[in-house]
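Enquirer: quick one: sequence plus predicted model below, questions after.
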There are 2 protein chains.
Amino acid sequence: MATRNTYRHGNLRHALIAAGVELAREGGPDAVVLREATRRVGVAPNAAYRHFADRRALLAAVSQAGLAELARTMERELVTGSPARARLRALTRGYLAFAQSEPGLFRAAFATTGMADTDTEEAAGAEGRTAYRLLSEALDDLAASGALPPEHRPDAEYFVWSTVHGMAVLLTDGPLRGLRPPEAEEAERRVMDAVERGLCGTSG
Amino acid sequence: MATRNTYRHGNLRHALIAAGVELAREGGPDAVVLREATRRVGVAPNAAYRHFADRRALLAAVSQAGLAELARTMERELVTGSPARARLRALTRGYLAFAQSEPGLFRAAFATTGMADTDTEEAAGAEGRTAYRLLSEALDDLAASGALPPEHRPDAEYFVWSTVHGMAVLLTDGPLRGLRPPEAEEAERRVMDAVERGLCGTSG
DNA sequence: TGCCTATGTGGACGCCGTCCACATTTTCGA
DNA sequence: TCGAAAATGTGGACGGCGTCCACATAGGCA
């Protein structure tokens, strides 16, 4: 697969990112090794330096690709026309499903400073919206529907994102990993119930 | 500081962990480099292998030390005798303060599979309680005080922990990093308000 | 056609994790 | 008490990695 006859590769940058994504899938961010990526593409190690400043730059590109796939997974769960609450649930389900089915790529997506660039065009899904934007719009819808009171709207993204991301970490690397799907879904449901109360509910 | 006259070191294991913690403080989990740790302790690289199976084992020990320091920071915020809600807030404040003041050690504490061993004796603070246990007891108190209804008690640890941990990630590596203390505290307050509603409130 | 720039190659360096054989120190039982 | 055995530290080596420098080749453009 890696043999080529032309001296020029064609689109080495994309090929290296694809190889990097594959490496991330297999072993997380630490497995995104420059030399191995070039090896898989069938090119000399130094060729990578024509397209990436260093290993971290390649990892950053892989991170963006991972974020884009996360966004696509979330979009896929979305059923347009369903009520705002259901859509928010669908998005978080997609987020958690991605983390559990692709833990390596998920960790790579948020590696080091990956989370700082979660709202770039490169990190967007098929519809051009990032995970953050999808979440943000769902909260807007929830506010428009009247379920989310205006005084709870500010910083609601951070609340939901924090909880869902934290839950993803607990499920993949944390004490909840290894939970069988039924128990995991049970925990997810309970946590998301609490999130909904936090958004829409009143202090007790 | 690293010179020694005796052939035997004395307590190399502890010294290596201490050096590893220092490295983690300076540059996160990736900076916990075996050779550098031995260099700082003033010992040959291979000496480490008498106390740790490999680099990952050293990192795991550093992770446990980091978790213990996290627990101590949380304990320090705690004012005994205050109401249950205030104690829960204090614990989360300690968690977030630690993440922000020691981002490298914080990331090392949860590196790779560190979060899977968050409730070991080694990860406990001065009072012998881990971060998880401190949180768990605070929720028990909240339930005993009547503020947390029994039907919301199950899995409440995961809800709170997820949110607080996620918030810590957003603040240190995520889009909220670089926030000035006043804005960061504002965001923290809003998110924790939502957590309290999620725990104690009723669905709206 | 011939030059310039972009792109890929080859070789080298230093650092890292880890293995093996060896040296020294401590422990402990005959 | 003394010597064997276990524990602990040393030295040297190997392969892999990230990265730098000099060189080769391909394509575009005058």
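Expert: Done, it's in.

Enquirer: top helix in chain A by residue count?
Expert: helix A:55-77 (DSSP state H).

Enquirer: identify all contacting residues around the next helix or strand along the chain from that helix.
Expert: Sequence-wise, the next helix or strand downstream of helix A:55-77 (DSSP states H and E) is helix A:84-101. Applying Cβ atoms under 8 Å, 6 or more residues apart in numbering or on different chains, the contact partners of helix A:84-101 are A:69-70, A:73-79, A:82, A:106, A:131, A:134-135, A:138-139, A:141-142, A:144-145, A:147, A:160, A:164-165, A:167-169, A:171-172, A:184, A:188, A:192, A:195-196. (Each C-beta comes from the backbone N, C-alpha and C, glycine too.)

Enquirer: inside helices: which ones of the residues you listed?
Expert: Per DSSP H, the contacts of helix A:84-101 map to helices at A:69-70, A:73-77, A:106, A:131, A:134-135, A:138-139, A:141-142, A:144, A:160, A:164-165, A:167-169, A:171-172, A:184, A:188, A:192, A:195-196.

Enquirer: rewinding a little: just the buried ones among the contacts of helix A:84-101, please.
Expert: A:69-70, A:73-75, A:77-78, A:106, A:131, A:134-135, A:138-139, A:141-142, A:147, A:160, A:164-165, A:167-169, A:171-172, A:184, A:188, A:192, A:195-196 (16 or more other Cβ atoms under 10 Å in any protein chain shown).

Enquirer: A:Thr112 contacts B:Asp173, doesn't it?
Expert: Yes: counting by Cβ atoms under 8 Å, A:Thr112 touches B:Asp173, with 7.1 Å between them.

Enquirer: who's more crowded, the two?
Expert: B:Asp173 (21 against 17; other Cβ atoms under 10 Å in any protein chain shown).

Enquirer: just give the nearest non-adjacent residue to that one, would you?
Expert: A:Met115 (4.9 Å; Cβ to Cβ, 6 or more residues apart in numbering or on different chains).

Enquirer: can I assume the one you found sits in a helix?
Expert: Yes: counting by DSSP: H, G, I helix; E, B strand; the rest coil, A:Met115 is located in a helix.

Enquirer: show me what contacts the closest residue to A:Ala99 other than its chain neighbours?
Expert: In space, and not counting its chain neighbours, A:Ala99 is closest to A:Ala168: 3.7 Å by Cβ to Cβ, 6+ apart. Neighbouring residues of A:Ala168 by Cβ under 8 Å, 6+ apart: A:95-96, A:99-100, A:106.

Enquirer: and what of A:Leu134?
Expert: Contacts of A:Leu134 (Cβ under 8 Å, 6+ apart): A:71, A:74-75, A:78, A:91, A:125.

Enquirer: what residues does chain A have near DNA strand C?
Expert: A:7-10, A:12, A:43-47, A:50-51 (Cβ under 7 Å from any atom of the strand).

Enquirer: how about low-confidence regions in chain A?
Expert: The model of chain A has pLDDT under 70 over residues A:1-7, A:113-114.

Enquirer: neighbours of A:Phe52, how many?
Expert: Around A:Phe52 there are 20 residues (other Cβ under 10 Å).

Enquirer: try A:Arg197
Expert: Neighbours around A:Arg197, by other Cβ under 10 Å: 25.

Enquirer: again, but for the one 4 residues further on
Expert: Here the number of neighbours of A:Gly201 (other Cβ under 10 Å) works out to 20.

Enquirer: try the one 3 residues further on
Expert: A:Gly204: 15 surrounding residues under other Cβ under 10 Å.

Enquirer: am I right that it is in a strand?
Expert: No: read with three-state DSSP, A:Gly204 is coil and lies in no strand.

Enquirer: contacting residues for it?
Expert: B:147, B:149, B:197, B:200-202.

Enquirer: hmm, back to that, mind putting the residues of chain A next to DNA strand C in TSV, neighbour count and secondary structure included?
Expert: Formatted as TSV, those follow (neighbours: other Cβ atoms under 10 Å in any protein chain shown; DSSP: H, G, I helix; E, B strand; the rest coil):
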residue	neighbour count	secondary structure
A:Tyr7	5	coil
A:Arg8	7	coil
A:His9	17	coil
A:Gly10	9	coil
A:Leu12	17	helix
A:Val43	19	coil
A:Ala44	11	coil
A:Pro45	12	helix
A:Asn46	10	helix
A:Ala47	14	helix
A:Arg50	10	helix
A:His51	17	coil
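
Enquirer: might one say that A:Arg55 is in contact with A:Leu34?
Expert: Yes: counting by Cβ under 8 Å, A:Arg55 does reach A:Leu34; the two are 4.8 Å apart.
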